[in-house]
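S.K.: Structure of the sequence below:
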Amino acid sequence: MIPELSVVFPVYNEEAILKNNLLQTVQTLDQAAIDFEIILVDDGSHDNTSAITASMARQDSRLHLWTLVKNQGKGGALKEGVSHSRGRIVLFSDMDLSVSFQELPAFLKALNRGCDLAIGSRKAPGARVLVHQTILREVLGRGFASLSRFILDLDVSDFTCGFKAFKGSVAKDLFSRLTLLDWSFDAELLFLSDRLGYRRVEIPVTWSNREETRVRLRKDLLNSFWGLLKIRWRHRRLRA
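M.R.: All right, here's what the predicted structure looks like:
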């Protein structure tokens, strides 16, 4: 039976938060009466992430674990997870739940009204940030967003919010074309969706920074600059 929703979590050394956050997600989806599956992709963890996930999956058939032997990056983990998804709608989220699944109804509503993808935004009118990042992280994040808009010519307020939903067929199409597996993957997905003519909407979300996150922003920002140039070059001939 095809589930209504596939949730894909990329996970890497998440043993400290995995069990509680996964149980919270399952509880929220059960309360919403949604037929779902959850796909967790262990991106080469060195802790007990896989063991914890495998134990929970044995107790709930809606949970599925895929393990990457070598760390591929968030984009690589999501690409693997989406390839195994079966849902009519596919959503990916960070395991730290910086965006709560209480926000899900707005995303489902947008997709059911004809949008092809709905992306969470911390910058769109109506968004709220309850716990801010450090000033340095926020400044560098805004810099990356501005650079992405300029280089990729995209009208997007927030490229990297880790809560995005797609029609299932759209998710499979976009992720199958993904070439960048590091922090630049969000920008590549959105550039591809624009060039392919998919209908996109930004959804304002309530977001809280989690200290567990391990994004190395200064290093990843530099890598992402080169990633943006690669995106323009690799997909320069792509049209809907």
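
S.K.: since we're on residue 54, how many residues are nearby?
M.R.: Other residues within reach of residue 54, judged by other C-beta atoms under 10 Å, total 15. For the C-beta atoms, the positions are set from N, CA and C on the backbone; glycine is no exception.

S.K.: just residue 237 next, same as before
M.R.: Using other C-beta under 10 Å, residue 237 has 6 neighbouring residues.

S.K.: Give me the phi and psi for it.
M.R.: Here is the backbone geometry of residue 237 (degrees, to the nearest 10): phi -100, psi 0.

S.K.: Let's see the pLDDT reported for residue 138.
M.R.: As predicted, residue 138 sits at a pLDDT of 77.

S.K.: wait, isn't it in contact with residue 132?
M.R.: Yes: contact criterion C-beta atoms under 8 Å: residue 138 and residue 132 qualify, at 6.6 Å.

S.K.: so where do the helices sit in this protein?
M.R.: Assigned by DSSP state H, the chain shows helices spanning 18-31, 49-59, 74-83, 104-112, 135-152, 168-177, 185-195, 217-234.

S.K.: quick one: residue 5 from residue 90, how far?
M.R.: 8 Å (C-beta to C-beta, to the nearest Å).

S.K.: sorry, that was for residue 182
M.R.: Taking C-beta to C-beta, one finds residue 182 at 21 Å from residue 90.

S.K.: Looking at those two, which one has more neighbours?
M.R.: residue 90 (29 against 15).

S.K.: could you measure that one against residue 224, distance?
M.R.: Residue 90 sits 24 Å away from residue 224, going by C-beta to C-beta.

S.K.: same question, residue 156
M.R.: Residue 156 is 14 Å from residue 224, by C-beta to C-beta.

S.K.: These two: which has the busier surroundings?
M.R.: For residue 156 versus residue 224, the count of surrounding residues by other C-beta under 10 Å is larger for residue 224: 25 against 21.

S.K.: So that one is in contact with residue 185, correct?
M.R.: No: using C-beta under 8 Å, residue 224 makes no contact with residue 185, being 9.5 Å away.

S.K.: show me where pLDDT drops low in the protein?
M.R.: Regions of the chain meeting the criterion pLDDT under 70 cover residues 211-221, 240.

S.K.: can you do 80?
M.R.: 132-143, 183, 210-224, 239-240 (pLDDT under 80).
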